[in-house]
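*Asks:* how would this look folded up:
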Amino acid sequence: MNVAVKIDPGQEATMADATPLADINPAKAERFQADTIWPYFARLRRDDPVHFTAESEFGPYWSITRWDDIMAVDTNHEAFSSAEGIGLPNLQALEEQDKVFAEMGRARRRTGAGFITMDEPEHTVHRRAVSPTVAPANIASMAPVVRERAGRILDALPIGQPFDWVDLVSKELTAMTLATLFDFPFEDRRRLTYWSDMFTNMPGHGPVKSWRHKAEAITECFGAFQGLWNQRIDAEPGIDLISMLTHNPATRTMSQDQYQGTVVLLIIGGNDTTRNTISGSVYALNKYPDQYDKLRADPDLVTSMVSETIRWQTPLAHMSRVATRDTEIGGKTIRKGERVVMWYVSGNRDETVIADPDAFIIDRERPRHHLSFGFGVHRCVGNRVAEMQLTIIWEEILKRFPVIQVVGEPVRTYSSFVHGYESMTVVIPGRA
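*Replies:* Numbers count the residues shown, from 1 in each chain. Got it, this is the predicted structure:
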């Protein structure tokens, strides 16, 4: 069961300053769940912006915490490769998963072989295969459907009674949109949410009960998507993501590992990021009620509020790379083969680049000035779909509800990768 972790923020700030730099492991999932990460990243930005953690559950790794250094890594795909995974791999977790798949008579299912973990030129070939589905013209055609569904979700919400916003709104809207993008059976859309949570959580967190439970869910997901591939490879071409992959000559013959990795990428990218930003926007507006007042007074601020939430929330906390050669970043030499973590969640709070970065300010002069979608060849392919969903849901919220009140602190995700919310209780006092 997920339990909200209670740690005194002042005590954590003191600990962050007192901890020897060499002992800081900024990827500890417990701090992300407790929302006490901020003083550690502030310390690293100030005292050691290119920081080496020699020992951790992820093995040794470098942390890049300032905006300019993150950009230097993110835009240099030749020196920093994605081929060995984009997240910090928990070494014990990988061993446990290997054991379970071996007991099930299978090799471990690789879940990181999608195009985001490819280097050039292969990466661009595979990325282009799915790009038409999220192109502006297709997004424009989807928008009225998303708006209609958003309205139905909001109209069904209870008034004057506490409920979980994450479950009834954030998960539901993103599941509907993702099912549309995949042309996945609409009545089974919440399976996409479930599989996303199974991929990104460890036993005891999210819906994952055990390593075997996780392995069975992964097998179920890949089986379902293999069925979609088999249906569409000989059917008339459609505009959904699976049809795009099956009918593009460059991806039609992709390996099973590549297809499964691409499925994982699209499920997590299309689900976790948007849903956690939807939840984060409600939380942020409650934390900064003056900004909520500002939004109600001027609904035209929705677009900039969405971008500010994407920065302030940073739904994926990091991306990682592996150095292909010795490279200097911020005065430190990163050796060939060493893992490098770009902490977007820290770069988005870099006070040398963003004024008053810890504050949530919905009318910033440059609201889209953030790192959350990444940069370079791996910049998020679905960023416009995410912004479209977020803009529509808030336009529809403002038509219906004078206020959405967060009741207590949310339960946050136990992860240093997905920066989000497991649950968040809210009350809507009345309709507009």
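*Asks:* Now do Asp290: how many residues are near it, please.
*Replies:* 11 (other CB atoms under 10 Å). Where you see a C-beta, it was placed from the backbone N, CA and C, and this is true even at glycine.
*Asks:* what residues are up against the nearest residue to Pro402 once chain neighbours are set aside?
*Replies:* With sequence-adjacent residues excluded and distances taken as CB to CB, 6 or more residues apart in numbering, Pro402 is closest to Ala432, at 5.7 Å. By CB atoms under 8 Å, 6 or more residues apart in numbering, Ala432 lies in contact with 399-402.
*Asks:* Quick one, which of those are buried?
*Replies:* Among the contacts of Ala432, those classed as buried by 16 or more other CB atoms under 10 Å are Phe401.
*Asks:* of all the contacts of Ala432, which comes closest to Arg311?
*Replies:* Checking the contacts of Ala432 against Arg311 by CB to CB gives Phe401 as the nearest, at 24.3 Å.
*Asks:* right, and the closest one touches Val427 too?
*Replies:* No. Using CB atoms under 8 Å as the test, Phe401 is too far from Val427 to be in contact (10.6 Å).
*Asks:* Adding secondary structure, pLDDT and distance to Ala297, write the contacts of Ala432 out as a markdown table.
*Replies:* Below are the contacts of Ala432 laid out as a markdown table (DSSP: H, G, I helix; E, B strand; the rest coil; pLDDT from 0 to 100; distance: CB to CB, whole Å):
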| residue | secondary structure | pLDDT | distance to Ala297 |
| --- | --- | --- | --- |
| Lys399 | helix | 96 | 15 |
| Arg400 | helix | 97 | 17 |
| Phe401 | coil | 97 | 15 |
| Pro402 | coil | 94 | 12 |
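*Asks:* what's the farthest-apart pair in the contacts of Ala432?
*Replies:* Greatest spatial distance among the contacts of Ala432 (CB to CB): Lys399 and Pro402, at 10.7 Å.
*Asks:* so who does Trp67 touch?
*Replies:* If a contact means CB under 8 Å, 6+ apart, then Trp67 has 347, 350, 352-354, 371 as its contacts.
*Asks:* In those, which residue is surrounded by the most others?
*Replies:* If you rank these by neighbour count (other CB under 10 Å), Gly347 sits at the top with 29 neighbours.
*Asks:* who's in contact with Ile310?
*Replies:* Ile310 sits next to 277, 370, 372-373, 386-387, 390 when contact means CB under 8 Å, 6+ apart.
*Asks:* which of the residues you listed has the weakest pLDDT?
*Replies:* The weakest per-residue confidence within the contacts of Ile310 falls on Ala386 (81).
*Asks:* Would you check that that residue makes contact with Thr273?
*Replies:* Yes. Counting by CB under 8 Å, Ala386 does reach Thr273; the two are 6.0 Å apart.
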